[in-house]
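build me a model from this:
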Amino acid sequence: MTDASTLRARWQDALVAARGGAPGPDPAPYADNLLARWAEPQRRYHTTAHLTQVLDRVDTLARHAADPALVRLAVWFHDAVYRPDRTENEERSAALAERALPEAGVPDAAAAEVARLVRLTVTHDPADGDTNGEVLCDADLAILASGPQEYAAYAAQVREEYGFVPDGAFREGRAAVLRQLLGLPRLFRTPHGVAEWEPRARQNLTTELELLTH
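Model prediction:
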């Protein structure tokens, strides 16, 4: 079970770091708002468990990032707006960051960087040298490199989130997502991701695609 108090502490640490130690509004109400979003009933995979996992993976990759605190804030916002039947979730999540972070005392440039990072999760294809983007995208995609049981649970949770979609349409749409990911020259961009996650992730994606299309 995800510990909400631990998540609140992690939010506060990232927010205070992004403010450069400058005084600002109490971080707690912002954490509570975001945690409520991550606990919405339509979610099966995009839950506080996913939030925690991505934050943990950012911790693993943090040395690669130009500004780990901003990457951590982007993790909090990247699925803050999540409706499986909508296509503009990332844009709405980025817009939420653009509104909330300046109000929470984060400088405008830093808030803009967080929003840019959130928008990157549409494609998971950061530009070469975008170390913040590389860390966020690698951390978000690391689930793809999990063991067989965890990957199967992830795939089942994604299917549950799209329970309103008929099987045929879901298989077609999911297969398109898998092909898009497999078509990337590299799924992972950080040295750790390339070495530790890439081979298994490609194997998992290929296996899932075969199961969907045969």
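
please count neighbours and contacts with C-alpha atoms only from this point.
Will do.

and the spatially most central residue of the chain, what element?
Geometric centre of the chain, nearest residue: Asp140, 4.2 Å, by Cα atoms, centre = their mean. Using DSSP states H and E, Asp140 sits within helix 131-141.

mind saving the C-alpha coords of the next helix or strand after that helix as PDB?
Next helix or strand after helix 131-141 toward the C-terminus (DSSP H and E): helix 148-161. Provided in PDB are the C-alpha atoms of helix 148-161 (Å, rounded to 0.1, in the frame of the first residue of the first chain):
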ATOM      1  CA  PRO A 148       6.700 -11.300 -16.500                       C
ATOM      2  CA  GLN A 149       4.200 -11.200 -13.700                       C
ATOM      3  CA  GLU A 150       4.500  -7.500 -13.100                       C
ATOM      4  CA  TYR A 151       4.300  -6.800 -16.800                       C
ATOM      5  CA  ALA A 152       1.200  -9.000 -17.200                       C
ATOM      6  CA  ALA A 153      -0.500  -7.100 -14.200                       C
ATOM      7  CA  TYR A 154       0.400  -3.800 -15.900                       C
ATOM      8  CA  ALA A 155      -1.100  -4.800 -19.200                       C
ATOM      9  CA  ALA A 156      -4.200  -6.100 -17.400                       C
ATOM     10  CA  GLN A 157      -4.600  -2.800 -15.500                       C
ATOM     11  CA  VAL A 158      -4.300  -0.800 -18.800                       C
ATOM     12  CA  ARG A 159      -7.100  -3.000 -20.300                       C
ATOM     13  CA  GLU A 160      -9.300  -2.300 -17.200                       C
ATOM     14  CA  GLU A 161      -8.800   1.400 -17.600                       C
END
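
distance from the chain centre to the helix or strand that helix 148-161 is followed by, please.
Sequence-wise, the next helix or strand beyond helix 148-161 is helix 167-182, with elements assigned using DSSP H and E. On the basis of Cα atoms, centre = their mean, to the nearest Å, helix 167-182 is displaced by 19 Å from the centre of the chain it belongs to.

now what about helix 167-182, what contacts it?
Where contact means Cα atoms under 8 Å, 6 or more residues apart in numbering, the residues beyond helix 167-182 that reach it are 159, 162, 187, 202, 205-206, 209, 212-213.

show me these that map onto strands.
Per DSSP state E, strands hold no members of the contacts of helix 167-182.

tell me the one of those nearest Ala127?
Distance to Ala127, by Cα to Cα, is smallest for Leu187 among the contacts of helix 167-182, at 12.7 Å.

contacts only, for the closest one.
Shown in contact with Leu187 (Cα under 8 Å, 6+ apart): 138, 141, 181, 194, 198.

surely the first one touches Arg186?
Same thing as Asp138. No - if you go by Cα atoms under 8 Å, Asp138 and Arg186 don't touch, sitting 10.4 Å apart.

in stretch 200-214, what's buried?
Neighbour-count burial for stretch 200-214, counted by 16 or more other Cα atoms under 10 Å, picks out 201-202, 204-206, 208-209.
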